[in-house]
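K.L.:
This is the structure alone, sequence omitted:
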Ligand code: SF4
């Protein structure tokens, strides 16, 4: 007879059998029998810029069946966030684009077509537009999610082969500010740090950054810090990171520039600046010191809402700690005065000598997995390899390496993302090719953006999924392989080149982006220009040569196998470094000393921390290196620049009709951007709200008669979004917050841009909130 206990605790049956663990090879410990792998493959995660190493478990057919975080990879040391653990799930989604789709009749349905027909439509229609409206009448918008070899081939194909000029990437939405700020201040787009700096700081100052959920593995590196660091978060919201900080500076939205100038003024007033470093290695400090005099405590209190005592405590921390590191992400980059704000952070690091030493730096944390690759090899703002389109010697050099005529390289960089859409709006650009990005969800002022996209004569979308908001507007959909279905290199936030591997077959007729670009080159009639780009690894060899002699020189990396066996390699890694690898000398770049100097190593910082396992460091910790140890920068005179401008008013201030400031940002560590991949995972959907939620302060909720959990309508001058109210102290009175992963949110945001980086100001606009009827 079945006992009651047996009803609730079965000791046999399929679910019980599944829980029995069996020893697995490859150092994987024990796994269920159905998940026993026949082999493993090393790869790097394809979501965020952290660049975590993953071991993919393969079945006997060599196909991915599971994955685990690589315990030896120097980035993540065996950890991964929910997105990484669930990386394989979106590959099997039912809405994958499996065949090219073409819309024969405007407003008709997308119908399957063959690849030859798709390529014919692509070339015929883009060429017809160019013939009628000129070569500059076509453009592309790309992504920081494809590999370096693909983005370089795309940029070269479009500009040198197809004769186009205007192209950009969704890295404009996340990292354009850091790119411009570093280039102007340091002479090259060069994030100076290594992740080990999280562990070696005495004080970490996070500005507009929420690593607890946006970069969770980097937050784990902070948690490995054994120096009892001060952790300061400068953010209007009481974010997850702010709640874990030792000091939260809750300022007003977009007042960070005023606050940072106020900090600089106080540091100067106290004499807490490194005059020797400033004199030897920088330019412009005198003018900067004069400029910040007017940013006194009272002004910071009035304009930024930061009490004098809080500012004094923050200045105490910076002045008293030996190793201070400054970290920023989208709270800074996505602003109407973003570049100068990033440079105000750089100025603080320079004036206090907090750069080029362990645990220091003015450190931009990148967003997407290959945003750094896009910044160097997207061929949009900068010519391949970080060169300038406008400099004839740069054009000649790149043309020489590629084996093309330098006349094929345009002398101007072309329009930024917003300028491309504006050109579509006024009929100047008639054909657009969108690759692996979801413009019809992620761009600001969404109602207007969709109107603009509908004006195009021809819209091509190259995507993993035919269901994204942008693919739904396309005239032609090209089905693309995703991460895990192709090989190539990603460059992470700390300048580490990491290898991703093909561990699954793309569904149906989907092809890697690299293969699609090669087919288009042949169909267009410029295939011979890219004959040497015969595979991603062959392209990597070409890009090594492009990088030679640049600050990002990685000519010392022999091949993919070298990258894989090294646990990734940070740039610079010159041919000289490659030859001396394993001989005990520190790697160094052209004109700079970049080697990690063991004498700076504080061994208390690494107690209990796993070392590199199977990845052999070329010398002690040479696999984790920072820039500027010798105080020389990439400017012509080797000196960093103090760059500053007065703060500018918000593009949209609150008024009686729109009385609340809307902030947008990441919702959870289980969500990625527009959700085209993460929404495919049942696990990830369980870890984050599936409905749009609005964070609102209790005082405002009471004033608007809104109760927790009620449905509300958020209204801006540009559109509306319905959400569920979450009444919480995490936002200040007068502010509300929406997570960016929901399509409705960018109906509200404003098309305002930083004048230097052209990055959109997602983080502040004026809205009204009203309760929907009970
Ligand atoms: S999403 Fe980022 S933090 Fe998460 S596993 Fe991937 S690389 Fe690591």
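P.N.:
Done, it's in. Every value quoted in this text rests on a predicted model; they were computed, and no experiment measured them. Residues are numbered from 1 along each chain as shown.
K.L.:
In the stretch 401-550 of the chain, what residue comes closest to the ligand?
P.N.:
Proximity of the stretch 401-550 of the chain to the ligand (CB to the nearest ligand atom) peaks at residue 492, 7.8 Å away. Yep, even glycine has a C-beta here, placed from its N, CA and C like the rest.
K.L.:
pLDDT (mean, whole number) over stretch 319-338?
P.N.:
Averaging pLDDT along stretch 319-338 gives 96.
K.L.:
With the ligand in mind, check whether that stretch reaches it.
P.N.:
No: applying CB under 6 Å from any ligand atom, one finds that stretch 319-338 is not in contact with the ligand, the shortest distance being 12.7 Å.
K.L.:
burial measure for the residue of the stretch 401-550 of the chain closest to the ligand, as a count.
P.N.:
Residue neighbour count, defined by other CB atoms under 10 Å, stands at 27 for residue 492.
K.L.:
quick one: contacts for residue 287?
P.N.:
Contacts were defined as CB atoms under 8 Å, 6 or more residues apart in numbering; by that measure residue 287 touches residue 642.
K.L.:
and it, that's in a helix?
P.N.:
Yes: counting by DSSP: H, G, I helix; E, B strand; the rest coil, residue 287 falls inside a helix.
K.L.:
Could you check how far it is from residue 645?
P.N.:
Residue 287 sits 12 Å away from residue 645 when distances are taken as CB to CB, to the nearest Å.
K.L.:
before we move on, back to that, measure the residue of the stretch 401-550 of the chain closest to the ligand to residue 472 for me?
P.N.:
According to CB to CB, residue 492 stands 32 Å off from residue 472.
K.L.:
Now do the contacts for the nearest residue to residue 89 once chain neighbours are set aside.
P.N.:
The spatially closest residue to residue 89, leaving aside those adjacent along the chain, is residue 681, at 4.3 Å (CB to CB, 6 or more residues apart in numbering). By CB under 8 Å, 6+ apart, the residues touching residue 681 are 86, 89-90.
K.L.:
Please work out how many residues are found near the residue in the stretch 251-400 of the chain that the ligand sits nearest to.
P.N.:
With CB to the nearest ligand atom as the measure, residue 369 is the residue of the stretch 251-400 of the chain nearest to the ligand, at 6.6 Å. Other residues within reach of residue 369, judged by other CB under 10 Å, total 29.
K.L.:
from the stretch 51-200 of the chain, which residue is nearest to the ligand?
P.N.:
Distances between the stretch 51-200 of the chain and the ligand by CB to the nearest ligand atom are smallest at residue 84, namely 2.3 Å.
K.L.:
And what about that residue, helix, strand or coil?
P.N.:
Secondary structure assignment for residue 84 (three-state DSSP): helix.
K.L.:
which non-adjacent residue is nearest it?
P.N.:
Nearest residue to residue 84 in three dimensions, chain neighbours excluded: residue 45, at 4.5 Å (CB to CB, 6+ apart).
K.L.:
gap between the one you found and residue 568?
P.N.:
For residue 45, the distance to residue 568 under the criterion CB to CB works out to 12 Å.
K.L.:
same thing with residue 423?
P.N.:
Taken as CB to CB, the span from residue 423 to residue 568 is 38 Å.
K.L.:
same deal with residue 270?
P.N.:
In this structure, residue 270 lies at 41 Å from residue 568, with CB to CB as the measure.
K.L.:
next one: residue 579
P.N.:
As for residue 579, its distance to residue 568 is 19 Å (criterion: CB to CB).
K.L.:
Same question for residue 485, what's its three-state structure.
P.N.:
Recorded secondary structure, residue 485: coil (three-state DSSP).
K.L.:
Next, the contact list for it, please.
P.N.:
For residue 485, the contact set (CB under 8 Å, 6+ apart) comprises 91, 502-506, 510, 512.
K.L.:
The same query, at a cut-off of 7 Å, please.
P.N.:
Contacts for residue 485 (CB atoms under 7 Å, 6 or more residues apart in numbering) come out as 91, 502, 504-506, 512.
K.L.:
returning to what we had before: neighbour-wise, which of residue 270 and residue 568 wins?
P.N.:
Shown here are residue 270 and residue 568; by other CB under 10 Å, residue 568 has more neighbours (26 against 13).
K.L.:
Check what pLDDT the more buried one gets.
P.N.:
Residue 568 carries a pLDDT score of 95 in this model.
K.L.:
What of residue 32?
P.N.:
Residue 32 carries a pLDDT score of 89 in this model.
K.L.:
Equivalent analysis for residue 25, please.
P.N.:
Here, the pLDDT recorded for residue 25 equals 87.
K.L.:
Skipping adjacent residues, who's closest to it in space?
P.N.:
For residue 25, the nearest residue in space outside its immediate sequence neighbours is residue 37; the separation is 7.5 Å by CB to CB, 6+ apart.
K.L.:
Then residue 388?
P.N.:
When the adjacent residues along the chain are set aside, residue 388 lies closest to residue 394, with 5.2 Å between them (CB to CB, 6+ apart).
K.L.:
got it, and residue 62?
P.N.:
Counting by CB to CB, 6+ apart, the nearest residue to residue 62 once its immediate chain neighbours are dropped is residue 39, at 7.1 Å.
K.L.:
and the gap between residue 216 and the ligand?
P.N.:
Between residue 216 and the ligand the distance is 5 Å, computed by CB to the nearest ligand atom, to the nearest Å.
K.L.:
I misspoke; the intended subject was residue 241.
P.N.:
Separation of residue 241 from the ligand (CB to the nearest ligand atom): 14 Å.
K.L.:
Now do the same for that residue: helix, strand or coil?
P.N.:
Using three-state DSSP, the three-state assignment for residue 241 comes out as helix.
K.L.:
Surely it is in contact with residue 211?
P.N.:
Yes: with contact taken as CB atoms under 7 Å, residue 241 and residue 211 are classed as touching, separated by 5.7 Å.
K.L.:
What ranges does the stretch 151-300 of the chain have for its helices?
P.N.:
If you assign secondary structure with DSSP state H, counting those that start in this stretch, the helices in the stretch 151-300 of the chain sit at 176-186, 196-200, 211-214, 216-223, 240-244, 256-270, 275-281, 285-291, 297-304.
K.L.:
Now tabulate those in TSV and tack on distance to residue 702 and mean pLDDT.
P.N.:
Conversion of the helices of the stretch 151-300 of the chain to TSV gives the following (distance: least, CB to CB, whole Å; pLDDT from 0 to 100):
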stretch	distance to residue 702	mean pLDDT
helix 176-186	37	96
helix 196-200	40	96
helix 211-214	28	96
helix 216-223	34	97
helix 240-244	23	97
helix 256-270	29	98
helix 275-281	51	98
helix 285-291	42	98
helix 297-304	26	98
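K.L.:
which of these is buried the deepest?
P.N.:
Among the helices of the stretch 151-300 of the chain, the stretch with the highest mean neighbour count (mean count of other CB atoms under 10 Å) is helix 176-186, at a mean of 26.
K.L.:
Identify the bridge partners of the residue nearest to residue 62.
P.N.:
With DSSP bridges applied, the residues forming beta bridges to residue 39 are residue 58.
K.L.:
What distance do you get for it to the ligand?
P.N.:
Computed with CB to the nearest ligand atom, the distance linking residue 39 and the ligand is 22 Å.
K.L.:
Point me to the residue of the stretch 151-300 of the chain nearest the ligand.
P.N.:
Each residue of the stretch 151-300 of the chain has a distance to the ligand, by CB to the nearest ligand atom, and the smallest belongs to residue 217, at 4.1 Å.
K.L.:
ok, back up a step: can you say which two of the contacts of residue 485 are spatially most distant?
P.N.:
Put simply, by CB to CB the two of the contacts of residue 485 set farthest apart are 91 and 512, 13.1 Å from each other.
K.L.:
how about the strands of the stretch 451-600 of the chain, start to end?
P.N.:
With DSSP state E, counting those that start in this stretch applied, the stretch 451-600 of the chain shows strands at 458-463, 476-479, 488-491, 496-500, 569-570, listed in chain order.
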